[in-house]
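Enquirer: With the sequence up front, the predicted model follows.
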Amino acid sequence: MQTRSSLGVPCRRGYALLLVIVFTGAALILATGIFQYASTTASLNHRHNEYQRAVAAAEAATEKVVARVTADYREQGDGYILGRLDSYRSMVPTSSEFPECGNYLFQNLSGQEDRLEVTYNPGSGFEMSSGKYSGLRGVKSTLRVVANAKARYSSASPAGAVFQDIELLRIPLFQFAIFYNLNLEFNNHPPMTVYGPVHCNTNIYMSSHDITTFNGDVTAAGQILHAKNPLSPESAGSGPFVYNGDRDSGVSTLNLPIGTNTSPAAVRAVIEVPPALEDPYSSMGQQRYYNKADLIIIVQDMNIITTSGLRNSFATQVPATDVTNFVSTNVTFYNKRQLKTIKTTQIDIAKLILWKATNIYFNSAIPSQDIRTIFVVDQRTQTASTQSGVRLINGQALPVGGLTVATPNPIYVRGHYNAPPAHLGTTNTTLTQPASVAADSVTLLSTAWSDANSSLGLSSRIANHTTINAAMLTGFVETSSSRFSGGVENLPRFLEDWDNRILSYNGSMVAMYTSRISTNAWGGSDVYNAPDRHWGLDQNYLVEGKLPPATPNVTVLIRGRWRMPAPYSTNVLAGF
């Protein structure tokens with residue numbers, strides 16, 4: 001008889017049970033790990049999302065300040081920004097502005113609630129600008145806005161932080177070869193080369209009949225169009241146009257910080273006499289030439305009132321009998337474009353220099369300040385056939401330190417101006433003085449101009465080669481369906497036959513408003529023939545100390561760095 005052992009089956013059964021237990025445990029461990037991983041990942045994702053939302057809230061806070069600063073700087077300028085820093089620090093977003101932001105607490109670096117960190121670093125030099133206006137120099141201040149945001153409903157929620165830098169740039173207007181606050185037109189001119197930047201706050205129309213070359217950047221807040229102004233009655237030209245620099249449309253407007261209204265009509269007020277109750281330190285007041293002037297001359301029907309400027313509260317009176325050493329009011333000539341006799345307030349620059357060296361009135365009032373800016377206004381009664389104007393004569397040499405003459409009247413410049421003999425007919429301005437004129441319109445009269453012949457035919461008004469080294473801020477007559485503005489080539493006006501004669505002009509041409517006094521349209525067969533235009537930007541204007549006295553500055557805001565620093569980090573202010 002054969003016998004078998006019964007021990008094998010139970011052993012195998014126990015082994016299987018053990019395997020089940022092991023695999024079940026492993027599965028439980030794996031499941032637990034997966035669960036923990038999923039839980040941790042979900043927690044990390046949740047925390048990351050909370051952090052991103054906190055960063056978004058912090059960014060919203062900085063954007064609110066940036067938007068307000070942008071408007072304030074454009075309208076009011078640096079001084080206003082500096083006086084509102086504490087107000088900006090309290091501009092945290094509200095739930096009505098950004099619904100999600102109501103759930104967040106905003107703190108500055110000291111832990112104060114509902115506060116941001118806003119730091120201002122004033123410009124200390126004449127720095128190169130960046131962005132669309134690279135190559136231009138100006139005074140560049142920087143504003144840094146830092147926001148820290150944290151969810152209100154959970155102390156464990158992460159905080160987010162953002163800082164933004166904003167460059168607040170003041171660019172002297174006369175650093176542009178051409179600057180227009182209204183439509184800029186290139187039309188009907190012979191070959192032209194523009195040396196220096198060109199900017200227009202509206203549209204630029206390119207429709208010249210010969211080649212136009214731009215050796216600097218061309219920018220427009222509107223469009224740069226290779227077409228004539230649709231309102232113009234002139235025939236369209238076909239160019240060509242050569243751009244040796246950048247060309248950009250749709251850029252920010254460049255404005256004088258005169259307040260909320262920066263229209264051309266409002267800008268013209270900078271050459272006007274201010275109203276009696278206007279604060280000279282208001283936004284508009286600070287931009288007026290009247291308040292920048294060292295000498296103010298007001299010509300009335302029966303009197304000449306002359307005073308010092310705001311520097312000593314207009315306190316020094318100069319007798320009219322003394323002013324007549326360099327001012328004449330009995331000179332007239334005929335303007336063929338306006339078809340009127342011009343009753344002139346004439347300033348003899350050579351005699352002004354002599355008077356300034358010896359007079360006892362002005363020197364005693366402000367002995368350390370030379371006469372560098374003159375505001376003159378002719379308020380005499382006009383008739384239908386007359387018009388007041390200011391004329392500068394004998395200005396080949398200017399006072400040391402330069403001279404700016406501003407007036408709400410039309411201004412006329414006769415003969416060489418700011419042009420040392422060795423520099424006549426050249427672009428060399430190494431020995432010139434900083435100079436500018438600002439007026440309702442600017443008319444250039446050659447060295448051959450004769451008042452006696454001013455009403456005669458064009459053949460009796462033959463010009464001669466003339467050199468002008470001065471920036472101009474002026475008005476013009478806009479293009480309409482019945483008239484052409486004359487284009488930038490005719491922004492300075494002429495009343496002579498300049499055929500085969502050279503006008504050498506080094507300066508900056510700025511058209512900020514329409515003329516209110518000299519309003520007759522461009523054109524007419526008996527008004528003038530165009531000169532050979534040898535024109536260029538005065539390179540001295542790229543040097544701060546060589547800008548014309550009282551040069552206006554336009555404002556532009558440029559976004560700088562944007563970062564997400566560690567929340568509540570004081571390092572964001574280091575080196576600022």
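Expert: Here it is on my side, so go on.
Enquirer: Export only the CA atoms of whatever helix or strand F106 lives in, formatted as PDB.
Expert: If you go by DSSP states H and E, F106 is part of strand 104-107. Presented in PDB, the C-alpha positions along strand 104-107 are these (Å, rounded to 0.1, in the frame of the first residue of the first chain):
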ATOM      1  CA  TYR A 104      -7.000  91.700  -1.500                       C
ATOM      2  CA  LEU A 105      -5.100  93.700   1.100                       C
ATOM      3  CA  PHE A 106      -2.500  96.100  -0.300                       C
ATOM      4  CA  GLN A 107       0.500  97.100   1.900                       C
END
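Enquirer: which residues touch that strand?
Expert: With contacts defined as C-beta atoms under 8 Å, 6 or more residues apart in numbering, strand 104-107 is touched by 54, 57-58, 61, 92-93, 113-116, 147-152, 568. Backbone N, C-alpha and C define where each C-beta goes, glycine included.
Enquirer: Give me the domain ranges for the chain.
Expert: 14-173+556-573, 176-252, 259-539 (automatic domain parsing).
Enquirer: Tell me how confident the model is about the strand holding F106, as a mean pLDDT.
Expert: Taken as a whole, strand 104-107 carries a mean pLDDT of 90.
Enquirer: which helices and strands does the helix or strand following it pack with?
Expert: Following strand 104-107 in sequence order, the next helix or strand is strand 117-121 (DSSP H and E). Here strand 117-121 touches helix 85-89, strand 137-151, going by 3 or more C-beta pairs under 8 Å, 6 or more residues apart in numbering; DSSP states H and E.
Enquirer: after strand 117-121, next one along is what?
Expert: strand 126-128.
Enquirer: Give the other helices and strands that that following strand contacts.
Expert: Checking 3+ C-beta pairs under 8 Å, 6+ apart, strand 126-128 ends up next to strand 137-151.
Enquirer: What residues are bridge-paired with M509?
Expert: I178, M472 (DSSP bridges).
Enquirer: do you know how far it is from T479?
Expert: Distance of M509 to T479, computed by C-beta to C-beta, to the nearest Å: 17 Å.
Enquirer: And for G79?
Expert: For G79, the distance to T479 - C-beta to C-beta - is 37 Å.
Enquirer: The two: which has the busier surroundings?
Expert: T479 (25 against 12; other C-beta atoms under 10 Å).
Enquirer: Could you look up the SS state of the residue nearest to the more buried one when sequence neighbours are not counted?
Expert: Residue nearest to T479 in three dimensions, not counting chain neighbours: S485, with 4.4 Å by C-beta to C-beta, 6 or more residues apart in numbering. Assigned with DSSP: H, G, I helix; E, B strand; the rest coil, S485 falls in the coil class.
Enquirer: S485: what's it in contact with?
Expert: By C-beta under 8 Å, 6+ apart, the neighbours of S485 are 183, 185, 232, 476-479, 522.
Enquirer: Most neighbours among those, which one is it?
Expert: That'd be E185 among those, by other C-beta under 10 Å, with 28 neighbours.
Enquirer: Next one: it from G237, what distance?
Expert: Taken as C-beta to C-beta, the span from E185 to G237 is 11 Å.
Enquirer: now do R563
Expert: 50 Å.
Enquirer: These two: who's more crowded?
Expert: Regarding R563 and G237, a neighbour count based on other C-beta under 10 Å identifies G237 as having more, with 19 against 11.
Enquirer: ok, the closest residue to the more buried one other than its chain neighbours - how many residues close by?
Expert: Ranked by C-beta to C-beta, 6+ apart and with sequence neighbours excluded, the top spatial neighbour of G237 is H209, at 3.8 Å. Counted with other C-beta under 10 Å, the neighbours of H209 add up to 17.
Enquirer: And for K546?
Expert: With other C-beta under 10 Å as criterion, K546 counts 15.
Enquirer: distance of it from M472?
Expert: For K546, the distance to M472 - C-beta to C-beta - is 17 Å.
Enquirer: Do you know the pLDDT at P421?
Expert: For P421, pLDDT reads 92.
Enquirer: any low-confidence regions in the protein?
Expert: For the chain, the stretches flagged by pLDDT under 70 are 1-14, 18, 20, 22-23, 25-27, 30-47, 363-369, 574-576.
Enquirer: how about the helices of it, start to end?
Expert: Assignment of helices within the chain using DSSP state H yields the ranges 8-76, 78-83, 85-89, 264-267, 283-287, 289-292, 320-323, 349-358, 362-365.
Enquirer: thought K546 was touching N469?
Expert: No. Using C-beta atoms under 8 Å, K546 makes no contact with N469, being 11.6 Å away.
Enquirer: what pairs with the spatially most central residue of the chain across the strands?
Expert: The centroid of the chain falls nearest to V554 when counting by C-alpha atoms, centre = their mean (2.3 Å). V554 has these beta-bridge partners by DSSP bridges: I171.
Enquirer: list the contacts for it?
Expert: So V554 contacts 170-171, 173, 254-256 (C-beta under 8 Å, 6+ apart).
Enquirer: Buried ones among the residues you listed?
Expert: Burial by neighbour count, judged by 16 or more other C-beta atoms under 10 Å, picks out 170-171, 173, 254-256 from those.
Enquirer: Who are the contact partners of L458?
Expert: 496-497, 525-529.
Enquirer: likewise S238?
Expert: Contacts of S238 (C-beta under 8 Å, 6+ apart): H209.
Enquirer: do that again at 10 Å, thanks
Expert: 206-210, 226 (C-beta atoms under 10 Å, 6 or more residues apart in numbering).
Enquirer: Quickly check those residues for the two that are furthest apart.
Expert: D210 and H226 (14.1 Å; C-beta to C-beta).
Enquirer: Where do the strands of the stretch 451-576 of the chain begin and end?
Expert: 466-469, 471-476, 502-507, 509-514, 532-537, 553-563 (DSSP state E, counting those that start in this stretch).
Enquirer: Quick one, which of those gets closest to V139.
Expert: Of all the strands of the stretch 451-576 of the chain, strand 553-563 comes closest under C-beta to C-beta, at 7.5 Å.
Enquirer: Show me what counts as buried in that closest one.
Expert: So for strand 553-563, counting by 16+ other C-beta under 10 Å, buried means 553-558.
Enquirer: what does stretch 528-544 give?
Expert: Buried residues in stretch 528-544 (16+ other C-beta under 10 Å): 528-531, 533-538, 540-542.
Enquirer: Out of the residues you listed, which comes closest to A269?
Expert: Out of these, the member with the shortest distance to A269 (by C-beta to C-beta) is Y541, at 24.1 Å.
Enquirer: Not counting its neighbours along the chain, what's nearest that closest one?
Expert: F174 (4.9 Å).
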